[in-house]
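Colleague: what follows is a predicted protein model with its sequence.
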Amino acid sequence: MKKMLMASTAAALVATGAIAADTDEVKLGILFGFTGPIESLTGPMASGAELAMTEVTDSGKLLGGAKVVPMRADTGCIDSGLATSNAERLIADGISGLIGAACSGATGAVLQNVAVPNGMVMISPSSTSPGLSTMDDNGLFFRTAPSDAREGAVMAEILMERGVNSIALTYTNNDFGKGLSDAIETSFKELGGEVTIVAAHEDGKADYSAEVGALASAGGDILVVAGYLDQGGAGIIKAALDAGAWDVFGLPNGMVGDSLPETIGPDLDGSYGQIPGAEGKGIETFSKMATDAGFEGGSSYAPESYDAAALFMLAMQAADSTDPAVYVSKILEVANAPGEKIYPGELGKALDLLRDGQDIDYVGGSAVELIGPGESAGSYRMIEIIEGKVETVGFK
């Protein structure tokens, strides 16, 4: 648990971007793939994070009335060099916390090369690679989306419940794709399923007929695509449909978003999968707030982004400091019981409670519960493409 850093570790952290309590301004970085293979998702994600910042600024209750300023920067999702350089720029510009990155490879690069050397806290709303769980992070890394190790088990259960006995599996050739693919393969086999082939694909290609030919030769009741909805994953599905190889596809997290059915068309109807998501008061309230703010609250990882931003600001209030070396030990405390449950729209109330020395249990829009090394326990929203729309059909 990251309930508290060891004293020696805390002493070694650099107080980058630190500002004393009662400051006028707090800067939070938003480091997402605004270009690249998930660019259709990152606009609503950033809007979710900024919604929390606006709510706190408008309350006038953070550290004596500080204004929270969002600072966006791009990673290209899969461009570690761009991610690293932009993270360095954000730190130079005086951020006190970093929301992101969105994609796991970029997150790992920024964590190792920028965050740890500079003592900067990171909370990712969407980096799900299991490899991030064991990375040496000096207690600086958290995430509000669950690891793909859990998603693999969830997807295997869903496939079995739908009567699937065998799958062909393709993944985008990077840390995210490989980790998710491994989790799905292992979990499906443990339940007695057959995996006929596991094959990587590269993003950005114009033609995926060769990859689909190899997958189709191996066979399988369904093709599971552990890729990106705006690049190679969509290309694989198009090629498979053109070849008549499959007409139903398994869609794990990187493939869930409105742009995929818009790109593929009605032939995608009936395909299904899952994305991190919760039910209940938190997501209902967040969705209404998002609609009022002009963006889609049901978009993948938008509530997790709101929650990541909220955790930063609540931890700062609990610590009475914007110094990462000081507030990092408060993140798990504000995220978990005991304390009064806090939902979207209640950040001002939470800031009052923390100022008065009381405990809170932040639930947020994604039913936040942080476990182990800053991981999200996580629940999943089961989806199906119905008449060209991503529809929720249940929760796990």
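Modeller: Great, that's in hand.
Colleague: rest of the way, CA atoms for contacts and neighbours
Modeller: Will do.
Colleague: quick one: least confident helix or strand in this protein?
Modeller: Least confident element among the helices and strands of the chain, by mean pLDDT, DSSP states H and E: helix 7-12 (a mean of 36).
Colleague: after the lengthiest helix in the chain comes which helix or strand?
Modeller: Longest helix in the chain by number of residues (criterion: DSSP state H): helix 39-59. Moving toward the C-terminus from helix 39-59, the next helix or strand (DSSP states H and E) is strand 67-74.
Colleague: C-terminal to that following strand, what's the next element?
Modeller: Using DSSP H and E, the helix or strand that follows strand 67-74 in sequence is helix 80-92.
Colleague: is residue 202 in contact with residue 173, as I believe?
Modeller: Yes: if you go by Cα atoms under 8 Å, residue 202 and residue 173 touch, sitting 5.7 Å apart.
Colleague: returning to that earlier point: quick one: the longest helix of the chain to strand 67-74, angle?
Modeller: In terms of direction (axes from the mean of the first three to the mean of the last three Cα atoms, to 10 degrees), helix 39-59 departs from strand 67-74 by 170 degrees.
Colleague: quick one: low-confidence ranges for the protein?
Modeller: Within the chain, the ranges that satisfy pLDDT under 70 run 1-22.
Colleague: same thing but 90
Modeller: 1-23, 372-373, 378 (pLDDT under 90).
Colleague: farthest residue from the center of it?
Modeller: Using Cα atoms, centre = their mean, the residue of the chain lying farthest from its centre is residue 217. It sits 34.1 Å away.
Colleague: mind listing the helices for the stretch 101-250 of the chain?
Modeller: Counting by DSSP state H, counting those that start in this stretch, the stretch 101-250 of the chain has these helices, from start to end: 104-110, 116-118, 148-161, 175-190, 209-218, 232-243.
Colleague: TSV please, covering those and showing distance to residue 373.
Modeller: TSV is the format used below for the helices of the stretch 101-250 of the chain (distance: least, Cα to Cα, whole Å):
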stretch	distance to residue 373
helix 104-110	15
helix 116-118	15
helix 148-161	14
helix 175-190	18
helix 209-218	37
helix 232-243	31
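Colleague: can you say which of these is packed in most?
Modeller: Most buried of the helices of the stretch 101-250 of the chain, by mean neighbour count (mean count of other Cα atoms under 10 Å): helix 104-110, with a mean of 25.
Colleague: centre of the chain to it, how far?
Modeller: Here the centre of helix 104-110 is set off from its chain's centre by 12 Å, with Cα atoms, centre = their mean, to the nearest Å.
Colleague: what's in contact with that helix?
Modeller: 75, 77-80, 83-84, 87, 100-101, 124, 126-129, 132, 135, 174-176 (Cα atoms under 8 Å, 6 or more residues apart in numbering).
Colleague: spatially central residue in the chain, please.
Modeller: residue 126 (1.1 Å).
Colleague: quick one: buried residues of stretch 324-337?
Modeller: By 16 or more other Cα atoms under 10 Å, the buried positions in stretch 324-337 come out as 324-336.
Colleague: could I get these as TSV with secondary structure and distance to residue 290?
Modeller: Converted to TSV, the buried residues of stretch 324-337 look like this (DSSP: H, G, I helix; E, B strand; the rest coil; distance: Cα to Cα, whole Å):
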residue	secondary structure	distance to residue 290
324	helix	29
325	helix	32
326	helix	31
327	helix	28
328	helix	28
329	helix	30
330	helix	27
331	helix	24
332	helix	26
333	helix	27
334	helix	23
335	helix	22
336	coil	24
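Colleague: with those in mind, which one is nearest to residue 244?
Modeller: residue 335 (47.8 Å; Cα to Cα).
Colleague: contacting residues for the residue nearest to that closest one when sequence neighbours are not counted?
Modeller: Here the nearest residue to residue 335 in space, its sequence neighbours aside, is residue 362; by Cα to Cα, 6 or more residues apart in numbering that works out to 4.7 Å. Applying Cα under 8 Å, 6+ apart, one finds that residue 362 lies in contact with 311, 334, 335, 336, 340, 341, 342, 343, 368.
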